[in-house]
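**Student:** Please work out how this folds:
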Amino acid sequence: MKEQSEQTPSITLEDVARLAGVSGMTVSRVLQDHVNVSEQTRAKVQAAVAALGYVPNRLAGALTTAKTRLIAVIVPSLSNIVFPEVLRGANECLEAAGYQAVIGVSDYDLEKEERIIAAMRAWRPSGWILAGLEHTPRALQMLRVVRSPVVEVMDSDGEPIDMAVGFSNTQAGRDTGQFLADTGRRRVGYVGGDLCRDLRAAKRRKGFEQALAENGLELEASFTAQQASSFLLGRAGLAQLLERHPDLDAVYFSNDDMAVGGLMHCMGAGVEVPGRLALAGFNGLEIGEAVPQRLTTIRSPRYRIGQLAAEHILARLAGNAPPLRLDLGYEFITGQTT
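**Tutor:** Residues are numbered from 1 along each chain as shown. This is a model prediction of the structure:
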C-alpha cells in the first residue's frame with residue numbers, strides 16, 4: 001500500500017499550454033502581459049492557469065535574465081510611522097511600474113542588516129533601498145557588486161554607495177541647538193535611545209552639541225538607554241534627568257516619540273512647559289500635533305524620500321541618470337513647547 005505522503009507533481013507551464021491548446025511561448029507571453037496576444041487566447045490561457053492552479057516560477061525567469069520585478073527595501077523599524085511612510089512612498093511608485101517591494105527589518109542592527117542583504121541577494125532584486133549610509137564592511141562589499149541600483153535614504157551626511165536621497169541629520173541637530181540658544185535657553189539636556197544603533201540620531205546629537213558650543217554653551221546632562229525609543233522611555237528618561245538636574249531649562253529629544261513621552265511627564269509632574277522647561281523633538285509626527293501643546297520639532301519629508309528613491313531606481317533601470325545625491329531638507333516647526 002502506497003503511503004499518502006507522496007507529493008503531487010508540480011504543475012508546469014507546458015501543462016497550462018496543453019490545456020489551453022496553445023504553445024508554451026504563448027503562455028509565457030500571456031503571463032508576462034505582452035500586448036501581442038489576442039483577447040480570446042489570453043482568456044483561454046488565464047482559464048487554464050486558474051483551473052490548474054499554476055504558479056509561475058518568477059525566480060527561474062530571473063535566472064535567465066539576471067533581473068526580477070523585485071526591489072529590496074531594508075529599514076531599521078516598523079514600530080513608528082517614520083519608516084512606514086518611507087515604504088508607502090516607495091511602494092506606491094514601484095507598484096505603479098509593475099515592481100514589488102520585498103521588505104526586511106534590521107532593528108537598527110548592522111549585523112542583522114548584513115544577513116538580510118546576503119539572503120535577499122539570492123532573489124536578484126532589480127534595485128535596493130536601504131536606510132542610512134553606514135553598513136558593515138561585508139554589507140558594503142556585497143552592495144557594491146550587485147550590479148543593480150542602490151539608494152540609501154534618510155541621510156546625506158556621508159558618501160553613498162551609489163545614490164542617496166535624504167537630508168542632513170547633523171544640520172537638523174544644529175538648527176535645533178541654535179534655536180534653543182536663540183530663545184535664551186542656557187542649561188540644556190538631552191534624552192535619547194540607543195545611539196550606538198540609531199546612527200542618524202547620533203548625528204543629530206553631534207550637530208546639536210556643535211551649535212551649543214558655538215553659542216558658548218555645553219550639554220549639561222543627558223539620559224540615553226540601550227533600547228529602542230518609545231513614549232515610555234522618553235517619559236522615564238526625562239523624569240530621571242530632572243531628578244538629577246532639576247535646574248535644566250531645555251531638553252532635546254532624539255525623536256518625537258521620546259519628546260511626547262517627556263511632555264506627558266511634565267504634565268503629570270506639574271512641570272510648566274515652556275515656562276519652566278522647553279522641549280524639542282525630531283521627525284514631525286502627527287502625535288506631536290495632537291498633544292495639548294504642539295511639539296517643537298523638525299518634520300522630515302519621509303513619503304517624498306521613499307517616492308524619489310523608487311523613482312531613482314526606475315530611472316536607472318530605464319537607462320537614465322538620476323542625481324547621485326539629493327538633499328530634500330526638512331521643515332522646522334516652532335510649536336508651543338519652546
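
**Student:** Just the strands from this structure, written as ranges.
**Tutor:** Here the chain has its strands, by DSSP state E, at 70-75, 100-105, 127-131, 150-153, 163-166, 188-192, 219-224, 250-253, 278-280, 297-299, 325-327, 331-333.

**Student:** what about the third one, average pLDDT?
**Tutor:** When you say that, I think you mean strand 127-131. The average pLDDT for strand 127-131 rounds to 98.

**Student:** still on that earlier bit, would you turn the strands of the chain into CSV with mean neighbour count and distance to Val22?
**Tutor:** No exception for glycine: its C-beta is placed from N, CA and C like everyone else's. Below are these laid out as CSV (neighbours: other C-beta atoms under 10 Å; distance: least, C-beta to C-beta, whole Å):
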stretch, mean neighbour count, distance to Val22
strand 70-75, 25, 28
strand 100-105, 16, 27
strand 127-131, 26, 33
strand 150-153, 26, 40
strand 163-166, 27, 43
strand 188-192, 25, 62
strand 219-224, 18, 65
strand 250-253, 30, 63
strand 278-280, 27, 65
strand 297-299, 24, 55
strand 325-327, 15, 47
strand 331-333, 14, 56
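
**Student:** Please produce a markdown table containing those strands, extended by distance to Lys206.
**Tutor:** Formatted as a markdown table, those follow (distance: least, C-beta to C-beta, whole Å):
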| stretch | distance to Lys206 |
| --- | --- |
| strand 70-75 | 23 |
| strand 100-105 | 26 |
| strand 127-131 | 18 |
| strand 150-153 | 19 |
| strand 163-166 | 16 |
| strand 188-192 | 11 |
| strand 219-224 | 11 |
| strand 250-253 | 12 |
| strand 278-280 | 16 |
| strand 297-299 | 15 |
| strand 325-327 | 18 |
| strand 331-333 | 18 |
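
**Student:** Which among those is found nearest to Arg244?
**Tutor:** strand 219-224 (6.5 Å; C-beta to C-beta).

**Student:** Give me the contacts around that closest one.
**Tutor:** 187-195, 208-209, 212, 237-238, 240-241, 244-245, 248 (C-beta atoms under 8 Å, 6 or more residues apart in numbering).

**Student:** Just the buried ones from these?
**Tutor:** 187-195, 208-209, 212, 237-238, 241, 248 (16 or more other C-beta atoms under 10 Å).

**Student:** of those, closest to Glu134?
**Tutor:** Among those, and counting by C-beta to C-beta, the member closest to Glu134 is Leu195, at 12.5 Å.

**Student:** Number of residues surrounding the closest residue to that closest one other than its chain neighbours?
**Tutor:** Counting by C-beta to C-beta, 6 or more residues apart in numbering, the nearest residue to Leu195 once its immediate chain neighbours are dropped is Ala202, at 4.2 Å. Neighbourhood size, Ala202 [other C-beta atoms under 10 Å]: 20.

**Student:** Repeat that for Gly275.
**Tutor:** Number of residues near Gly275 (other C-beta under 10 Å) recorded here: 8.

**Student:** Alright, calling it a day.
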